[in-house]
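A.B. asks: Sequence first, then the predicted structure, then my questions.
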Amino acid sequence: MDTFFQLFDQNKEILYILILSVFLGIEVIGKVPQVLHTPLMSGSNALSGVVILGCLLLLGQTTSDDISVLILGWLALVLATINVVGGFAVTNRMLEMFKSKKKDNG
Amino acid sequence: MDSFFGVGLFMVDLGYMLSVVLFILGMKWMSHPSTARKGNFTTALGMGIAVVSTLLSAGMKNYVSGGTGNYVWIVSGLLLGSLLGLRLSSRVKMTEMPQMVSLLNGFGGAAAMLIVLAEVFGKGNGGQLFDPGSFDVIRGGENTGRAERMSAIFYHILLLLNLVAGAISFTGSVVAMGKLQGFVTGGSVRWPMQRFTNNGLLLMMLLGIVVFFQAGDGQMAVALLLCAAALLFGVLFVLPIGGADMPVVISLLNSITGLTSALTGFLYDNQAMVMGGVLVGASGLLLTILMCKAMNRSLGAVLLGVFQSGGESSGERTIDTTIRELSLHDAAVLMAYARRVAIIPGYGLAVAQAQHTVHELELQLEGRGVEVTYGIHPVAGRMPGHMNVLLAESDVAYEKLLEMERINPEFPKVDVVLVIGANDVVNPAAERDPGSPIYGMPILQVDRAAAVLVVKRSMSAGYAGIENELFYDPKTRMLFGDAKSVLQKLNLAIKEV
């Protein structure tokens, strides 16, 4: 039990951040109209590729002769980059349609 | 050098803070039609700043001074990933967007999984990862200059959870994509003692995390087994869920990928990752729940694949099974002289790529003074908003797309409803037949209109695999064929009227 309290004490700030950002995540998209569900899902999918930072940190911290880690990290980086770049590009393609339509309507 | 180091760290943190602000603003803007595009750019910009900050961060510093180091790996990975990402996104058809999102999401999950595997292989000391004697580990890596001590037990629990979540998100997304693309059956796959095997596997994974801490030299093996079990679970958990429910599954998996990003953020003590990940995790979960609500079903029912198993009584009902076909000319006359026409698009429209043809039809009818609206069911197509995106592509005006709640009261005043490749979302059984598997799902009440025209490829059942008595309704007329070719012929026929 002591361990638990210690854990809690050590990670208090991050827990506060966690609580706040859960509410924030819900609030921020709370009023999204149905038309935007697919683009929003696609956009948030791109954002979930933020794990790309982990790939960079991993590769940056690995010693240059640790080939197995480098290969795994490199693969992770490629996949995460596809997720981020592809995600934002796909979202933009979807949203472009909304834009062109708007212009027509004046 | 030390002060330079301090300034560098300060800049990195400032960069992260800026990117978190941009993430939040981007998501907010993305949920309003007029600012959505700006929102997407903003989130992307935030991501760019976060990547640059990370590249400049102290974790990389000894390689800057010590030659090329791992920058070759980093730069090549970034370039290849960007290239592939752009290529994939520019080639995908609008109708295949849901699959694309699912695939990309799977890549994110796989990345998180691989990071953990790399950590496992990197730190594996003769098979032992966790030293019960040491209370703390240093997270954030040894070279960051900002290493922070963290409880070793906590660290390894997070590590293993991340491994499991990433693996589930990876294989789950790939199977979901397969179901939509058609290389995995869209139906509900079942096997004996299914719930037992799935729950058993889940329980085993939880036990595996506990066992890990006692495993000594076998810790690496336990971690690898855990990864394999999670990969298998991802497959088994999506297989029983019918294709019609894939949007919900993809949204849920998206939320799980967000969670893995947040967990990875914890492991590397990186607040940008934590914030971005939690933002996606929370909003993804909300979106999942919104989708379930639209179908009047609980998330639990969707995940257990209850959808397909409930429909036992529907077969027993004796209904008049006369199908009434209509010639194109008659259909053209019916619509051209109607006052109000409502078009109900479904997945068939997307498959046939008929979005432009339907817009032509709309313009023609409007030219004749017919009032045309579209009725959009929340789960029409394979993803919420699927129809909206599709119709927006062909310049259908925003205001003409009416959501279910708005169009349902209007149906009694509508002369002709044109159902194009939609089935389950207009099935009256959802309101009338308590034994139907889709009973309780809100539908578009098209049978309240004066006449119903249904464009359909064949009499086969819809995605939920159930009969639709709307097709046998005395005021329904069928137009069989591919949506695009039927609509093209209909357009010609209306010109001749």
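C.D. replies: Good, I have the coordinates. Numbers count the residues shown, from 1 in each chain, chains lettered A, B, ... in the order given.

A.B. asks: pLDDT value on A:Asn83, please?
C.D. replies: What the model reports as pLDDT for A:Asn83 is 96.

A.B. asks: Not counting residues beside it along the chain, what's closest to it?
C.D. replies: A:Gly49 (3.6 Å; Cβ to Cβ, 6 or more residues apart in numbering or on different chains). Just so you know, the C-beta spots here come from the backbone N, C-alpha and C atoms, and that holds for glycine as well.

A.B. asks: low-confidence ranges in the chain?
C.D. replies: All of this refers to chain A. Residues of chain A that meet the criterion pLDDT under 70 lie in A:1, A:3, A:34-35, A:97-106.

A.B. asks: I was after chain B.
C.D. replies: Ranges of chain B meeting pLDDT under 70: B:1-7, B:58-69, B:123-150, B:294-296, B:305-321, B:460-465.

A.B. asks: Need the contact partners of stretch B:228-240.
C.D. replies: B:163-176, B:179, B:184, B:188-190, B:194, B:197-198, B:201-202, B:204-205, B:208, B:249, B:303-305 (Cβ atoms under 8 Å, 6 or more residues apart in numbering or on different chains).

A.B. asks: which residues sit in contact with the residue in the stretch 201-350 of chain B that chain A sits nearest to?
C.D. replies: Across the stretch 201-350 of chain B, no residue is closer to chain A than B:Ala282, which sits at 2.9 Å (Cβ to the nearest Cβ). Residues in contact with B:Ala282 (Cβ under 8 Å, 6+ apart) are A:21-26, B:255, B:258.

A.B. asks: For my notes, please list these in a markdown table and give neighbour count for each entry.
C.D. replies: Output for those, formatted as a markdown table (neighbours: other Cβ atoms under 10 Å in any protein chain shown):
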| residue | neighbour count |
| --- | --- |
| A:Ser21 | 23 |
| A:Val22 | 17 |
| A:Phe23 | 10 |
| A:Leu24 | 20 |
| A:Gly25 | 26 |
| A:Ile26 | 15 |
| B:Ser255 | 26 |
| B:Gly258 | 32 |
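
A.B. asks: What's the local residue count around the residue in chain A positioned nearest to chain B?
C.D. replies: Relative to chain B, the nearest point of chain A is A:Thr81 (2.4 Å; Cβ to the nearest Cβ). Other residues within reach of A:Thr81, judged by other Cβ atoms under 10 Å in any protein chain shown, total 26.

A.B. asks: roughly how far out does stretch B:34-52 sit from the chain middle?
C.D. replies: Put simply, stretch B:34-52 sits 20 Å off its chain's centre (Cα atoms, centre = their mean, to the nearest Å).

A.B. asks: Buried residues of that stretch, list them for me.
C.D. replies: B:36-37, B:39-47, B:49-51 (16 or more other Cβ atoms under 10 Å in any protein chain shown).

A.B. asks: Which members of the contacts of stretch B:228-240 are classed as buried?
C.D. replies: B:163-176, B:179, B:184, B:188-189, B:198, B:202, B:205, B:208, B:249, B:303-305.

A.B. asks: so of those, which ones are in helices?
C.D. replies: B:163-176, B:179, B:198, B:202, B:205, B:208, B:249, B:303 (DSSP state H).

A.B. asks: Can you give the domain ranges for chain B?
C.D. replies: Using automatic domain parsing, the domain parsing of chain B gives B:1-61, B:96-309, B:313-496.

A.B. asks: Just want the residue of the stretch 51-200 of chain B that's nearest chain A.
C.D. replies: Closest point on the stretch 51-200 of chain B to chain A, by Cβ to the nearest Cβ, is B:Gly81, at 2.4 Å.

A.B. asks: what sits against that residue?
C.D. replies: B:Gly81 sits in contact with A:77-82, A:84-85, where contact means Cβ under 8 Å, 6+ apart.

A.B. asks: returning to what we had before: near chain A too, which of the buried ones among the contacts of stretch B:228-240?
C.D. replies: The subset of the buried ones among the contacts of stretch B:228-240 within reach of chain A, by Cβ under 8 Å from any Cβ of the partner chain, is empty.

A.B. asks: Which stretches in chain B count as strands?
C.D. replies: Using DSSP state E, the strands found in chain B span residues B:136-139, B:148-151, B:340-345, B:371-376, B:401-403, B:416-420, B:451-456, B:476-480.

A.B. asks: can you put these in TSV and add mean neighbour count and distance to B:Ala228?
C.D. replies: Output for the strands of chain B, formatted as TSV (neighbours: other Cβ atoms under 10 Å in any protein chain shown; distance: least, Cβ to Cβ, whole Å):
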stretch	mean neighbour count	distance to B:Ala228
strand B:136-139	18	25
strand B:148-151	16	27
strand B:340-345	26	43
strand B:371-376	22	42
strand B:401-403	18	44
strand B:416-420	28	45
strand B:451-456	25	44
strand B:476-480	19	48
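
A.B. asks: how about CSV for those strands, with distance to chain A added?
C.D. replies: Formatted as CSV, those follow (distance: least, Cβ to the nearest Cβ, whole Å):
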stretch, distance to chain A
strand B:136-139, 9
strand B:148-151, 5
strand B:340-345, 13
strand B:371-376, 7
strand B:401-403, 6
strand B:416-420, 19
strand B:451-456, 23
strand B:476-480, 27
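
A.B. asks: how about stretch B:92-110, does it reach chain A?
C.D. replies: Yes: using Cβ under 8 Å from any Cβ, stretch B:92-110 comes into contact with chain A via B:92, B:94, B:97-98, B:100-101, B:104-105, B:107-108, B:110.

A.B. asks: Dump those to TSV, plus distance to A:Gly54 and neighbour count.
C.D. replies: Output for these, formatted as TSV (distance: Cβ to Cβ, whole Å; neighbours: other Cβ atoms under 10 Å in any protein chain shown):
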residue	distance to A:Gly54	neighbour count
B:Val92	26	19
B:Met94	32	18
B:Met97	27	28
B:Pro98	27	25
B:Met100	23	24
B:Val101	21	34
B:Leu104	17	30
B:Asn105	16	36
B:Phe107	14	30
B:Gly108	11	37
B:Ala110	13	28
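
A.B. asks: which pair in these spans the largest distance?
C.D. replies: In these, two members sit farther apart than any others by Cβ to Cβ. They are B:Met94 and B:Ala110, at 25.4 Å.

A.B. asks: for the residue of chain A closest to chain B, what are its contacts?
C.D. replies: A:49, A:52, B:77-78, B:80-82, B:84-85.

A.B. asks: ok, which pair from those is furthest apart?
C.D. replies: Farthest pair in the contacts of A:Thr81, by Cβ to Cβ: A:Gly49 and B:Leu80, 14.9 Å.
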